[in-house]
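# what's the 3D shape of this:
(chains A and B)
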Amino acid sequence: MSEAKRNWREDLKVFRERMGGLTEEKKAYGKAQREIRKALQDALKAGPRTVPELARETNQPSHKVMWHLMAMKRYGELVEAGEAGDYVKYALKESER
Amino acid sequence: MAKIKERYDGLVIGAGIAGMQAALDLAGQGYEVLLVEREPSIGGIMVGLNKVFPTLDCSSCICTPRMAETAHHERITLLTYTEVQKVEPNGAGFKVTLLKKPRYVVEEDCIGCSKCELACAPIVPHEYDYGLGARRAIYIPHGNAIPQVAVLDPNYCVFDGNCAKVCPTDCIDFTQRPEELPVEVGAVIVTTGLRITPMDAKKEYGGTKYVNVMNPLAMERVQSSNGPYGRVLRPSDGKIPRSIAYVQCAGSRDKSIGVPYCSRVCCMYALKQAVMIKHGLHDTEITLYYMDIRAFGKGFEQFYRRAKAEGIRVVKAKVAKITEDANQDLILRVELIDEGGRVAEIRHDLVVLSQGLIPGWHAQGVIPVEEDEDGFFKIPQLAIRPVKTTQDGIFVAGVAAGPKDIPDAIVEAGAAAMEAAMYLERTRVKQAVAA
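Numbering: from 1, shown residues only, chains lettered A, B, ... in the order given. Below is the predicted model:
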């Protein structure tokens, strides 16, 4: 491992400047993500849901809901909770509720 | 980063299955090999596949041991996230310029713990899952990646420093810059592999317009247990598909898209995917719309018959157009050849376009070799020296030389390593005589 402790806070300032800073585009991307994530979490607090159900309740396109659910599942916030017809039901992990 | 020497016997460009095999076979004969890969992990396309045909072996299970062997070989130096900028003849060997891209992570210090990834806020479509899964702005390339080292994507970084705050080895390095590395080599083996034909090559198939029209590599990921969904679902709404269509020759044997040749693997990968889906979803109907089934390799014809016996429908037909209905189901307008050319419209939940193989990389301006009209490397003596390019000392293997399957790519890689070894030996003798 490198000998001296890295001064990453100073390095980060320079890096941020060099990469063009936190652009409006990046801010908007993050805000949109947080909103849809929050809406999905709120809807799932009422119980397990399928993708079409969540799309209806959150008024979001179903493919976006699908993508965010799979991201939540990958990072351990979500589990499968049975099936309803041709759809899988998803539930918040107990620790996330 | 591994310590780079000034000179190597062999340079292998591309660390997919062909490149790893070529490097292993050259290093196994006692030569020092530098293996360069542009992606953050070695393993290429193969490590992301679900199964291989016709044996149905788990692809990553047979690829990862080869990856580990390559990474740990005492005579192979591995440079990932590095591109070749220039290869110039220099006496009997070559002068090479490499560009090491910044990971913003110190490779030898990162322990692959994922703490940075879990602390990172932005969620981003993951290239490894063809956009169907997610990663963070800083991420370990994937579970089977070698090296297990994080990489930071500045395009999505929000500069909150969370990664550096949680890193237990203090390995996040925001000061990294692209680094040019000069090196001399005796011989070169190019194994730069493939891309699939673009999904918008045939506009009438809606490959980039409809979410449920998938590319075959994305379907491999969807079928993989470590894939984006962990089971087969359609991307538009997570429905378990009950009716799936494969459109064969969707990106090959078609002059209108500039790919007049047969890609050689699409019939078999489509049949393999169909069989694997059927094993998991017994009631799902799977139909292959094909022009010809080309099952020419060892065990292929038997596999084709097995697929039909397991209930895969193979229909000789030409798909003219794909449209989407209100439920995001897909309507295929097809000409059914065996029914006298009757035109029908058939609904499916999900469609996979069996895209063809095109070169993964072009040498122009970088390596002094000629390409064929189709973009694959020119092989002047195809019949008797199938891995020799137009430049002495530069050899080619795998799909860089033309479409082929995994076993054929491995055989060629071995041949290229042998040719490179003979070239190095001839050069050594010539130099000894001259001295």
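
# Now find how far off-centre the longest helix seen in chain A is within its chain.
If you go by DSSP state H, chain A has its longest helix at helix A:24-45. Relative to the mean C-alpha coordinate of its chain, helix A:24-45 is positioned 7 Å out (Cα atoms, centre = their mean, to the nearest Å).

# Against which helices or strands is it packed?
Contact analysis of helix A:24-45 by 3 or more Cβ pairs under 8 Å, 6 or more residues apart in numbering or on different chains; DSSP states H and E lists helix A:51-58, helix A:62-74, strand A:87-92 as its packing neighbours. C-betas here are computed from N, CA, C, even on glycine.

# Could you say which of the ones you listed is packed most deeply?
Using mean count of other Cβ atoms under 10 Å in any protein chain shown, the stretch among the helices and strands packed on helix A:24-45 with the largest mean neighbour count is helix A:62-74, at a mean of 22.

# Show the average pLDDT along that helix.
Helix A:62-74 shows a mean pLDDT of 98 in the predicted model.

# Kindly report the same for stretch B:297-314.
Averaged across stretch B:297-314, the pLDDT comes to 97.

# try stretch B:354-364
96.

# returning to what we had before: now the longest helix of chain A against strand A:87-92, angle please.
Put simply, helix A:24-45 runs at 100 degrees to strand A:87-92, going by axes from the mean of the first three to the mean of the last three Cα atoms, to 10 degrees.

# in helix A:24-45, what's buried?
Buried residues in helix A:24-45, counted by 16 or more other Cβ atoms under 10 Å in any protein chain shown: A:26, A:29-30, A:33, A:36, A:39-41, A:43-44.

# secondary structure element for residue B:87?
Residue B:87 is part of strand B:82-90, with elements assigned from DSSP states H and E.

# which neighbours does that strand have in its sheet, and in what orientation?
strand B:93-100 (antiparallel) (DSSP bridges).

# one step back: now tabulate the helices and strands packed on helix A:24-45 in a markdown table and tack on distance to chain B.
Listed next are those as a markdown table, based on distance: least, Cβ to the nearest Cβ, whole Å:
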| stretch | distance to chain B |
| --- | --- |
| helix A:51-58 | 4 |
| helix A:62-74 | 3 |
| strand A:87-92 | 6 |
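
# who wins for proximity to residue B:139 among these?
With Cβ to Cβ as the measure, helix A:62-74 is the member of these nearest residue B:139 (10.8 Å).

# tell me what the next helix-or-strand element following the closest one is packed against?
Beyond helix A:62-74 in the direction of the C-terminus, DSSP H and E gives the next helix or strand as strand A:78-84. Packing partners of strand A:78-84 (3+ Cβ pairs under 8 Å, 6+ apart): helix A:62-74, strand A:87-92.

# Provide the strand pairings for strand A:78-84, with the direction of each partner.
With DSSP bridges as the test, strand A:78-84 is paired with strand A:87-92 (antiparallel).

# ok, now which ones touch residue 39?
The chain I'm using is chain A. Listed by Cβ atoms under 8 Å, 6 or more residues apart in numbering or on different chains, the contact partners of residue A:39 are A:58, A:60.

# not what I meant, chain B
Residue B:39 sits next to B:80-81, B:141 when contact means Cβ under 8 Å, 6+ apart.

# Run a quick neighbour tally on residue 83.
Since no chain was named, I'll use chain A. Number of residues near residue A:83 (other Cβ atoms under 10 Å in any protein chain shown) recorded here: 11.

# that's the wrong chain, I wanted chain B
17.

# Beta-bridge partners for it, please?
Taking DSSP bridges as the rule, residue B:83 bridges to residue B:99.

# Next up, the contacts around it.
Residue B:83 makes contacts with B:36, B:38, B:98-99, B:101, as judged by Cβ under 8 Å, 6+ apart.

# repeat for residue B:308
Contacts for residue B:308 (Cβ under 8 Å, 6+ apart) come out as residue B:314.

# follow-up on the earlier one: any buried residues in the strand holding residue B:87, and which?
B:82-84, B:86-87.

# How about stretch B:401-413?
Quick answer for stretch B:401-413 (16+ other Cβ under 10 Å): B:401-406, B:408-413.

# The residue nearest to the spatial centre of chain B: what's it in contact with?
In chain B, the centroid-proximal residue (Cα atoms, centre = their mean) is residue B:45; its distance is 2.7 Å. Applying Cβ under 8 Å, 6+ apart, we find residue B:45 in contact with B:16-17, B:193-194, B:217.

# one more time with 10 Å
By Cβ atoms under 10 Å, 6 or more residues apart in numbering or on different chains, the residues touching residue B:45 are B:16-17, B:59, B:63, B:193-196, B:217, B:220, B:357, B:360, B:399, B:406.

# which SS class is residue B:168?
Three-state call for residue B:168 (DSSP: H, G, I helix; E, B strand; the rest coil): coil.

# Surely it and residue B:111 touch.
Yes: with contact defined as Cβ atoms under 10 Å, residue B:168 and residue B:111 form a contacting pair (7.3 Å).

# which of the two has more neighbours?
Neighbour count, other Cβ under 10 Å: between residue B:168 and residue B:111, residue B:111 has more, with 14 against 10.

# What sits closest to that one if chain neighbours are left out?
Spatial nearest neighbour of residue B:111, excluding adjacent residues (Cβ to Cβ, 6 or more residues apart in numbering or on different chains): residue B:169 at 5.8 Å.

# Was I right to think that neighbour contacts residue B:109?
Yes: the pair residue B:169 / residue B:109 is scored as a contact, 4.8 Å apart, by Cβ under 10 Å.

# Where does pLDDT dip in the chain?
Since no chain was named, I'll use chain A. Low-confidence regions of chain A, defined by pLDDT under 70, span residues A:1-4, A:96-97.

# hm, I was asking about chain B
For chain B, the stretches flagged by pLDDT under 70 are B:1-2.

# In chain B, which helix is the longest?
Per DSSP H, chain B has its longest helix at helix B:406-434.

# tell me what it is packed against?
strand B:7-13, helix B:17-27, helix B:59-72, strand B:93-100, strand B:179-190, strand B:394-396 (3 or more Cβ pairs under 10 Å, 6 or more residues apart in numbering or on different chains; DSSP states H and E).

# again, 7 Å this time
Helix B:406-434 is packed against helix B:17-27, strand B:179-190, strand B:394-396, with contacts defined by 3 or more Cβ pairs under 7 Å, 6 or more residues apart in numbering or on different chains; DSSP states H and E.

# Same list, these, but as CSV with mean neighbour count and distance to chain A please.
Listed next are the helices and strands packed on helix B:406-434 as CSV, based on neighbours: other Cβ atoms under 10 Å in any protein chain shown; distance: least, Cβ to the nearest Cβ, whole Å:
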stretch, mean neighbour count, distance to chain A
helix B:17-27, 29, 26
strand B:179-190, 21, 16
strand B:394-396, 30, 37
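
# Ok, which of the ones you listed comes nearest residue B:341?
Closest to residue B:341 of those, according to Cβ to Cβ: helix B:17-27, at 41.6 Å.

# Restricting to C-alpha, output that closest one in CSV.
Coordinates of each C-alpha in helix B:17-27 appear next as CSV, following Å, rounded to 0.1, in the frame of the first residue of the first chain:
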residue,chain,number,x,y,z
ILE,B,17,-10.8,-16.1,-24.8
ALA,B,18,-8.6,-16.0,-28.0
GLY,B,19,-6.1,-13.5,-26.5
MET,B,20,-5.8,-15.3,-23.2
GLN,B,21,-5.2,-18.6,-25.0
ALA,B,22,-2.6,-17.0,-27.3
ALA,B,23,-0.8,-15.4,-24.4
LEU,B,24,-0.8,-18.7,-22.4
ASP,B,25,0.4,-20.7,-25.4
LEU,B,26,3.2,-18.2,-26.1
ALA,B,27,4.2,-17.8,-22.4
